[in-house]
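Enquirer: model this:
(chains A and B)
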Amino acid sequence: MPSSEPIKAVRGMRDILPRDRAIWRVAEKAAADVARSFGYGEIVTPLIEHAELIERVGEDTDAVAKELYRFEDRGGRKLALRPEATAGVVRAYFEGHLNQEPQPARLFLTGPMFRYNRPQKGRYRQFFQFDVEAIGAESPALDAEVIEVAMTWLHELGLSDLKLDLNSIGDGKCRPAYLELLRAYYRPFKDELHGECQRRLETNPLLLLDCKVPQCQPFKANAPRVTDHLCEECTVAWAAVRRLLDAAGIEYRHDPYLVRGLDYYTRTVFEIFPASGSGSQDALAGGGRYDGLAQAEGWPSTPAVGFASGLDRVIELVEASGAEVIAAPVAEVVVLADAGLEVAAAEVARICRAVRSVAVDYETKSLKAKMRSANKLGARWVVLLTASEAERRVAQLKEMASGDQAEVAWDQLPERLV
RNA sequence: GUGGCUAUAGCUCAGCAUGGCAGAGCACCAGAUUGUGGAUCUGGCUGUCGCGGGUUCAAAUCCCGCUAGCCACCCCA
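Expert: Numbering: from 1, shown residues only, chains lettered A, B, ... in the order given. Next comes the predicted model:
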């Protein structure tokens, strides 16, 4: 009887247990295989970064204000748990001198991210992302390429019923003029917008297009579209991305209301949704071009494009789609020995381990009970050992499926486990 | 961060309206079966009724607070 409440997992944190680990492994392996097949190399960056790195990237968004895990270490440094991968990957690109290698640097990463959000299904405070970045080149072909990486990965996992939304939000050259146009369009309706949007009108008008509050919807349809006001270079890039996606056989929908709220985003933005998901706002992957980010971090201005995808959500969808991932048995062989034969049992297990995964049942239970648990674990063979057999260095080898059993010398076990 | 629903055995849940002995199925353990798994039957174990307080002769049940989970919103750098 516990003397106090057992200590449970921290809110928003969860364990991935052995039986669930199989499908995670499939998803992670598919991610790595697809990324590598496009020439992307794996990078691992720290979970902890300077809080300032994240704050500069997120500026004064809600996300940074309310959702960042922020703390001080013993040396008084102000740090944060990474809420996304891009800021750290870009930092590592410069610190690791990848900018002096052939461009672009093609990088991918899978790992945990942290956001102090209210947990709900598919949303945890520690969650996992597959992140792909092409840094150091501005060709729109790379925009299309990272989209193709994302789509190929999701297809590999059996998610073929997908919807790709695409837009371009211009760059520092053409966007300021467009934003003025947008403000001019919205100003007459200012009083009819909801409070947050009234503020956005002056501070960040692009977000007006992204607003989901019902009262703000009627004004969207006639709002000027950013793709009608791109500069020469952005127009060319926008056309190139679409041409490349067409050629790759990737269908997309132009969503003129798909935007990003931060200044360093440029040109391409995209999001991938499950097509059958009742217009759900739960994106499986999202990304785009962020030519201004490196400079925002204090590095030389460097173009880049990438995407991030939440593994938790993708895996839930794969499971919901009914795909069966058969978990491998914990051990293919289980060694059952009478009490007092632990040394012999361990030695037999060591011999068998040359060819198969082996576990030893050290419980002091009846043989019947041990057989039952070996069966439940999915063992293909059991090796039974009595004192007199151990003395003679032989054992009973039983194949579970057929029930066949025979005496086998220890040395002969590996060749019988086939 | 806002609103709603929920929390009872290891798991899934009933019981709560109208306060009165803590329940079922599954799982687990054992036996039927003289050291040998699966099917069947029989029996058995398992409870801080999420936590804390209040009302009451009496609280799983009613009230308040907290915590956690789920759903929607929000957010998704």
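
Enquirer: Can you show me the strands along the stretch 301-418 of chain A?
Expert: A:304-310, A:333-337, A:358-361, A:381-385, A:394-399, A:405-409 (DSSP state E, counting those that start in this stretch).

Enquirer: brain fart, the stretch 101-250 of chain A
Expert: Per DSSP E, counting those that start in this stretch, the stretch 101-250 of chain A carries strands over the ranges A:105-114, A:126-135, A:162-168.

Enquirer: To RNA strand B, which of those lies closest?
Expert: Closest approach to RNA strand B among the strands of the stretch 101-250 of chain A (CB to the nearest atom of the strand): strand A:105-114, 7.5 Å. (Each C-beta comes from the backbone N, C-alpha and C, glycine too.)

Enquirer: How about that closest one and RNA strand B, touching?
Expert: No: if you take CB under 7 Å from any atom of the strand as the test, strand A:105-114 misses RNA strand B, and the best it gets is 7.5 Å.

Enquirer: Turn the strands of the stretch 101-250 of chain A into CSV, including mean pLDDT and mean neighbour count.
Expert: Shown next, in CSV, are the strands of the stretch 101-250 of chain A (pLDDT from 0 to 100; neighbours: other CB atoms under 10 Å):
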stretch, mean pLDDT, mean neighbour count
strand A:105-114, 96, 21
strand A:126-135, 96, 24
strand A:162-168, 93, 21
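
Enquirer: May I see those arranged in TSV, with distance to A:V64 as well?
Expert: Putting the strands of the stretch 101-250 of chain A into TSV (distance: least, CB to CB, whole Å) gives the following:
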stretch	distance to A:V64
strand A:105-114	13
strand A:126-135	17
strand A:162-168	24
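
Enquirer: among these, which is nearest A:R225?
Expert: Smallest distance to A:R225 across the strands of the stretch 101-250 of chain A (CB to CB): 9.0 Å, for strand A:162-168.

Enquirer: Show me what that closest one pairs with in its sheet, parallel or antiparallel.
Expert: strand A:253-254 (parallel), strand A:266-274 (antiparallel) (DSSP bridges).

Enquirer: okay, that strand in CSV with CA atoms only?
Expert: Provided in CSV are the C-alpha atoms of strand A:162-168 (Å, rounded to 0.1, in the frame of the first residue of the first chain):
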residue,chain,number,x,y,z
LEU,A,162,-4.0,14.6,-48.8
LYS,A,163,-4.7,18.2,-49.5
LEU,A,164,-1.9,20.6,-50.3
ASP,A,165,-2.6,24.3,-49.8
LEU,A,166,-0.2,26.8,-51.4
ASN,A,167,0.4,30.5,-51.5
SER,A,168,3.1,33.1,-51.9
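
Enquirer: What's the local residue count around A:G310?
Expert: A:G310: 21 surrounding residues under other CB atoms under 10 Å.

Enquirer: repeat for A:T386
Expert: Residues within reach of A:T386, counting by other CB under 10 Å, total 16.

Enquirer: Am I right that A:Y257 is in a helix?
Expert: No: counting by DSSP: H, G, I helix; E, B strand; the rest coil, A:Y257 is not found in a helix; it is coil.

Enquirer: ok, now which ones touch it?
Expert: Contacts for A:Y257 (CB atoms under 8 Å, 6 or more residues apart in numbering) come out as A:N167, A:L209, A:D210, A:K220.

Enquirer: for the residues you listed, which one is nearest A:E196?
Expert: A:D210 (11.1 Å).

Enquirer: these two touch, right, the closest one and A:P256?
Expert: No: in this structure, A:D210 is not within contact of A:P256 by CB atoms under 8 Å, at 10.9 Å.

Enquirer: circling back: reformat the contacts of A:Y257 as JSON lines; add distance to A:T364.
Expert: Output for those, formatted as JSON lines (distance: CB to CB, whole Å):
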{"residue": "A:N167", "distance to A:T364": "66"}
{"residue": "A:L209", "distance to A:T364": "69"}
{"residue": "A:D210", "distance to A:T364": "64"}
{"residue": "A:K220", "distance to A:T364": "71"}
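
Enquirer: from the residues you listed, which two are the most distant?
Expert: So, those by CB to CB: farthest apart are A:N167 and A:K220, at 13.3 Å.

Enquirer: can you tell me the residue of chain A closest to RNA strand B?
Expert: A:K121 (2.4 Å).

Enquirer: Not including adjacent chain positions, what is the nearest residue to that residue?
Expert: A:E316 (7.6 Å; CB to CB, 6 or more residues apart in numbering).

Enquirer: go on, A:K78?
Expert: In space, A:K78 is closest to A:A51, 4.5 Å off (CB to CB, 6+ apart).

Enquirer: Can you get me a residue count around that neighbour?
Expert: 19.

Enquirer: With A:Y40 instead?
Expert: A:Y40, neighbours per other CB under 10 Å, totals 22.

Enquirer: OK, contacts around it?
Expert: A:R106, A:L107, A:F108, A:V132, A:A134, A:V149.

Enquirer: So A:L209 sits against A:F219, correct?
Expert: No: contact criterion CB under 8 Å: A:L209 and A:F219 do not qualify, at 9.7 Å.

Enquirer: The residue nearest to A:K78: what's it in contact with?
Expert: Contacts of A:A51 (CB under 8 Å, 6+ apart): A:L68, A:R70, A:K78, A:L79, A:A80.

Enquirer: Report the buried residues of the longest helix seen in chain A.
Expert: Identified as the longest helix of chain A according to DSSP state H is helix A:18-37. Buried residues in helix A:18-37, counted by 16 or more other CB atoms under 10 Å: A:I23, A:W24, A:V26, A:A27, A:E28, A:A30, A:A31, A:A32, A:V34, A:A35.

Enquirer: I'd like the distance between A:G195 and A:C216.
Expert: 11 Å (CB to CB, to the nearest Å).

Enquirer: between those two, who's got more neighbours?
Expert: Neighbour totals were compared for A:G195 and A:C216, and A:C216 leads with 21 against 8 (other CB under 10 Å).

Enquirer: can you pull the contacts of that one?
Expert: Per CB under 8 Å, 6+ apart, neighbours of A:C216: A:L193, A:H194, A:C197, A:L208.
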